[in-house]
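Trainee: Build me a model:
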Amino acid sequence: MQADASMWSAIAAWVEAVGAIAAVVGSGWVAASESRATRKREERVEAEAVGKEERAALATRTAALNLAILASTQIHDLNVLLKDEAWRGRVTRVSPSHVLLGTERMLTAFPIQSLADAPAMVEFSRFPASLATAAEVYANLETAVRSAAEGDRGAIFAMYEKQMERVDLSASHQLTALRRALLLDDKVDSKVDSQTSAP
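Mentor: Now for the predicted structure:
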């Protein structure tokens with residue numbers, strides 16, 4: 001009888017020990033599972049935050065490039081305007097320089113520090129000056145043509161056309177440099193590039 005009691009007591013102790021071990025292992029497994037789930041959640045949140053930052057940076061760089069393309073295109077269009085024989089001897093009533101000034105304001109209002117890259121900021125900062133130069137060339141042309149004799153206007157147009165051509169070529173090179181600095185070489189339509197570099 002005493003032997004049976006001690007056997008049952010030993011079995012009970014053994015069951016209790018196994019239960020305690022199972023409880024420790026189980027709680028450890030639950031804790032590890034929760035830890036893994038928490039780590040996965042943190043990694044997911046971190047990846048989402050990084051992705052959001054990358055998307056915001058890409059949007060900022062794309063906006064800067066789009067403004068630069070607009071500026072370069074307007075300069076190119078003005079250059080084409082001066083090359084067009086139909087405009088020789090007269091100046092349009094509404095100066096294209098006013099259109100350039102609107103784009104220049106958008107360029108100067110752009111938060112350039114958001115590009116967060118010195119080469120990109122330097123390249124972008126050249127465009128307001130290019131637009132101002134193009135506007136000044138056209139404004140000087142208007143003044144010179146209106147005050148010149150009819151026979152002298154062709155030579156005046158030819159002189160200012162050369163100046164505008166240099167500004168246009170410079171803006172085209174600046175656009176290529178900006179695109180590289182912004183790491184957006186592959187994201188620009190080659191059609192736009194060909195338009196800005198066309199003679």
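Trainee: When you work out contacts or count neighbours from here on, use the C-alpha atoms and nothing else.
Mentor: Fine.
Trainee: just the helices in the chain please.
Mentor: With DSSP state H as the criterion, the chain has helices at 2-83, 96-109, 118-147, 153-181, 190-197.
Trainee: got a pLDDT number for the residue nearest the centre of the chain?
Mentor: Centroid-nearest residue in the chain, with Cα atoms, centre = their mean: residue 61, separated by 0.9 Å. If you check residue 61, the pLDDT there is 89.
Trainee: For it, give me its contacts.
Mentor: By Cα atoms under 8 Å, 6 or more residues apart in numbering, the contact set of residue 61 is 115, 182, 184.
Trainee: mind redoing it with 7 Å?
Mentor: By Cα atoms under 7 Å, 6 or more residues apart in numbering, the residues touching residue 61 are 115, 182.
Trainee: and the gap between it and residue 100?
Mentor: Per Cα to Cα, to the nearest Å, residue 61 is found 22 Å from residue 100.
Trainee: and if you look at residue 81?
Mentor: Residue 81 is 14 Å from residue 100, by Cα to Cα.
Trainee: okay, these two: which has more neighbours?
Mentor: The residue with more neighbours, out of residue 81 and residue 100, is residue 100; 23 against 16, by other Cα atoms under 10 Å.
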